[in-house]
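In: sequence below, structure please.
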Amino acid sequence: MNKYGEVAIIVANNFEDSDNAIKDAWVKVCEKVFPNSPSSIKKSCPKDTFLGLCEEGLVKNIPQGNYTKSIKNKKYAIIAVKILKENPSYSNNKNTLWKKVAGKNKTHNSQMDVVIALYKNNLLNI
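Out: The predicted structure is shown next:
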């Protein structure tokens, strides 16, 4: 499992509701998982994918809310969840899922790692 998938699982499993808690939780877990990589901690694509799913109420244990301004990563995440719901076999290959979500010419940037990790750990409300 990719480290961003690991972050998503940890945050979803340990979430405690309060103001801005979800964004803070993501950063705190990233700081532990990537202790020597500020760029990995700040990387927006996996974070916005996770927050987009949370925003739509698709992550168990996390209430629907306003968590991200991202349009694209949220959209990719929602499409991926719909695909996985219809065809779970896509959870076995993030690159195949990504091509189905975004097309062949778009570069994957850990978005599907987050979605697949949550899916495989039964943390999605689908």
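In: ramachandran angles for Val59?
Out: Main-chain torsions, Val59, degrees, to the nearest 10: phi -110, psi 120.
In: longest helix anywhere in this protein?
Out: helix 72-86 (DSSP state H).
In: in that one, what's buried?
Out: By neighbour count on 16 or more other CB atoms under 10 Å, the buried set for helix 72-86 is Asn73, Lys74, Tyr76, Ala77, Ile78, Ala80, Val81, Ile83, Leu84. No exception for glycine: its C-beta is placed from N, CA and C like everyone else's.
In: wait, isn't the third one in contact with Thr49?
Out: Yes. With contact taken as CB atoms under 8 Å, Tyr76 and Thr49 are classed as touching, separated by 6.6 Å.
In: low-confidence bits of the protein, can you list those?
Out: 18-20 (pLDDT under 70).
In: which residues sit in contact with the spatially most central residue of it?
Out: Geometric centre of the chain, nearest residue: Phe50, 3.0 Å, by CA atoms, centre = their mean. Contact analysis of Phe50 by CB atoms under 8 Å, 6 or more residues apart in numbering lists Val7, Ala8, Val11, Trp26, Val59, Ala77, Val114, Leu118.
In: which among those residues gets closest to Lys100?
Out: Among the contacts of Phe50, Ala77 lies closest to Lys100 (CB to CB), at 13.2 Å.
In: is it true that Glu6 touches Val33?
Out: Yes. With contact defined as CB under 8 Å, Glu6 reaches Val33; the gap is 6.1 Å.
In: right, I'll leave it there.
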